[in-house]
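J.: pasted the sequence and its predicted model underneath.
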Amino acid sequence: MPKKYQSYIITIIITAAVMSAAGALSQTINFNPIKPNSSGVALTDEQQGILAVRTAKASVVNIIGIENQATSTPDSSSTPSISATPNEVLGTGFVLEKDGLIVSNNHVVEDPNMSYTVVLSDGSEYSAKILDLDKFDDIALLQISANNLIPAVLGDSDSLETGQSVFAIGNSLGKYEYTVTRGVISGLGRAVDVSDDSSRLHNLIQTDAAINPGNSGGPLINLAGQVVGMNTLIDTEGSGLGFAISINTIKDAVLQLKTFGKVSRPFLGVMFVSISPAVQIIKNLTVQNGALITDIKQGSPADVAGILAGDIITGVNTTTLNQNESLDDVVGKFKAGSQVTLKVLRNGSNIDIPVVLGQLQ
C-alpha cells in the first residue's frame, strides 16, 4: 500500500479516536474544577458547562419556611384557634462547609415568625438555626446538624471579567427545583437601591442569566463549577437584569462570623446620590464624582459628626470617590469603630470632617 494512503488511514483512525473520546467525556471523566483535564482532550463549551453544573448542584439546597404556630386573640365573635400556613418554599442556598454551614439571602430567612428547614440535594431535611443575618449585604448564615456534606467550590469574584459565561442555579418560583439558566457577566461593581426598605446593595455582579423568585440565595457559578456569586435580585424595570452578591463578600462575612461571632458592618448613616456626569448636569453641581447627601439618619455617626444634607463627600481618607468607588464601597472596607476622615465639599469650600463609624444594627 502506498505510504500516502497509509498516512491518510492513520490520520482518520486518530481523528475518530479523539472524537469518540470527546463524545464520551462527560461519562468517563470525573470533573475536578481545580485541576485541568488530565486526558489532554479539550472539552467543548457545552461539555464544560454540563460538568460544571453537575459539580455545583450537589451543594445546592432548598429552604422551606414554616409559620410558627400562634394562638389568636379571642373576641366576642370568635373562639381561640391555632393556625399555621402550609410549608412555603422561600428560596435557595448552598453549602459552605461539610459540617452544615449554609449561606442564603437575608431576605429569604429574615421573618422571625417563621421556622426554616433546609432540604439537601438528596431530599433529606434538617431544621436550620440562623447564626447571623447581615442586612447590609443581604447575607444569611445558617447551621444544620449534618456532617460530610459536599461544600461548594468557591471561586474569586475579583478575577471576573464581563462577557464571562456563568450559570445560575436555584428553586425558580418556589416549585421548579434545581433550575439552571445560562448567561454572561454583564457588569461588575454595580450598586442597586432596594425599593422595599430603602437600603442599597453594592459591589454586585450583574448577569443576564435568568434569575426568578425562588432563585434568591442560589449560586452563580463559572465554567469551572466554582461559585462566584449568590443570586439575589432582579431589576423589574428591565429585561434580563439580574444581580448577585460577590463570593468574596460572602467569604468576608464568614470570616467575621468565625472571628467575632457575628458579621460586623460599619454604619455611617446617610442617604446619598452617587454623582455622575449626568447627575452633575441635572443638579448643576461643580464636581463629576462624589456622593451628594440627601438625608441624615438622626443620631447616626454622620449626624453626630455634623454632616449636612446638601454636602458632597468627595473622598474618605486618601481614597477619592469615583464611578468605581462609591461611598458605600469605600466605607464598607472599614470596620465598625474605625475613625475616618470624610473629604466634604460644602458651599464651595473643601473641609475635612472626622467620623467614628458605628455598627450596623
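T.: Sure, I can see it.
J.: please make it C-alpha for all contacts and neighbour counts, starting now.
T.: Noted.
J.: buried residues in the helix or strand where residue 251 lies?
T.: Using DSSP states H and E, residue 251 falls within helix 247-260. For helix 247-260, the neighbour count (16 or more other Cα atoms under 10 Å) marks 247, 248, 249, 250, 253, 254, 257 as buried.
J.: now stretch 313-330
T.: Here stretch 313-330 shows 313-316, 320-322, 325-330 as buried, counting by 16+ other Cα under 10 Å.
J.: that stretch: how far from the chain's middle?
T.: Its chain's average C-alpha position is 22 Å from that of stretch 313-330, according to Cα atoms, centre = their mean, to the nearest Å.
J.: just the CA trace of that stretch, in CSV.
T.: C-alpha atoms of stretch 313-330 as CSV (Å, rounded to 0.1, in the frame of the first residue of the first chain):
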residue,chain,number,x,y,z
ILE,A,313,-18.5,63.8,50.1
THR,A,314,-15.6,63.5,47.6
GLY,A,315,-13.4,61.1,49.4
VAL,A,316,-12.7,59.0,52.5
ASN,A,317,-9.1,59.3,54.0
THR,A,318,-6.9,59.1,50.9
THR,A,319,-9.4,57.4,48.6
THR,A,320,-11.2,59.7,46.1
LEU,A,321,-14.8,58.6,45.2
ASN,A,322,-15.4,57.9,41.5
GLN,A,323,-17.7,55.7,39.4
ASN,A,324,-15.9,52.5,40.5
GLU,A,325,-15.5,53.6,44.2
SER,A,326,-18.9,54.7,45.7
LEU,A,327,-19.3,55.9,49.2
ASP,A,328,-20.8,52.6,50.3
ASP,A,329,-17.9,50.7,48.7
VAL,A,330,-15.2,52.7,50.4
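J.: average pLDDT for stretch 184-192?
T.: Stretch 184-192 comes out with an average pLDDT of 88.
J.: and the contacts of it?
T.: 160-166, 200-209, 324 (Cα atoms under 8 Å, 6 or more residues apart in numbering).
J.: what do you get if the cut-off is 6 Å, keeping everything else the same?
T.: Under the criterion Cα atoms under 6 Å, 6 or more residues apart in numbering, residues 162-166, 200-207 lie in contact with stretch 184-192.
J.: what angle sits between the helix or strand where residue 95 lies and helix 247-260?
T.: Applying DSSP H and E as the criterion places residue 95 in strand 88-97. On the basis of axes from the mean of the first three to the mean of the last three Cα atoms, to 10 degrees, strand 88-97 is oriented at 70 degrees to helix 247-260.
J.: picking that back up, residues touching the helix holding residue 251, excluding its own?
T.: With contacts defined as Cα under 6 Å, 6+ apart, helix 247-260 is touched by 157, 228, 229, 263.
J.: looking at these, which is nearest residue 108?
T.: residue 229 (16.2 Å; Cα to Cα).
J.: quick check: pLDDT value at the closest one.
T.: 96.
J.: who's it bridged to?
T.: For residue 229, the beta-bridge assignment (DSSP bridges) gives partners residue 220, residue 246.
J.: distance check, it against residue 216.
T.: For residue 229, the distance to residue 216 equals 11 Å [Cα to Cα, to the nearest Å].
J.: try residue 340
T.: Using Cα to Cα, we find residue 340 at a distance of 34 Å from residue 216.
J.: please say which of the two ends up with more neighbours.
T.: Comparing residue 340 with residue 216 by other Cα atoms under 10 Å, the one with more neighbours is residue 216, at 29 against 17.
J.: residue 230 is in contact with that one, correct?
T.: No. Using Cα atoms under 6 Å, residue 216 is not in contact with residue 230, being 7.6 Å away.
J.: look up the closest residue to residue 166, ignoring the ones flanking it.
T.: Closest residue to residue 166 apart from its sequence neighbours, by Cα to Cα, 6 or more residues apart in numbering: residue 222 at 4.6 Å.
J.: I'd like the buried residues of helix 247-260 as a markdown table, with distance to residue 308 appended.
T.: Conversion of those to a markdown table gives the following (distance: Cα to Cα, whole Å):
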| residue | distance to residue 308 |
| --- | --- |
| 247 | 35 |
| 248 | 33 |
| 249 | 30 |
| 250 | 33 |
| 253 | 31 |
| 254 | 35 |
| 257 | 34 |
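J.: now those residues in JSON lines, with pLDDT?
T.: Written out in JSON lines, the entries for these read as follows (pLDDT from 0 to 100):
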{"residue": "247", "pLDDT": "96"}
{"residue": "248", "pLDDT": "94"}
{"residue": "249", "pLDDT": "91"}
{"residue": "250", "pLDDT": "93"}
{"residue": "253", "pLDDT": "86"}
{"residue": "254", "pLDDT": "88"}
{"residue": "257", "pLDDT": "81"}
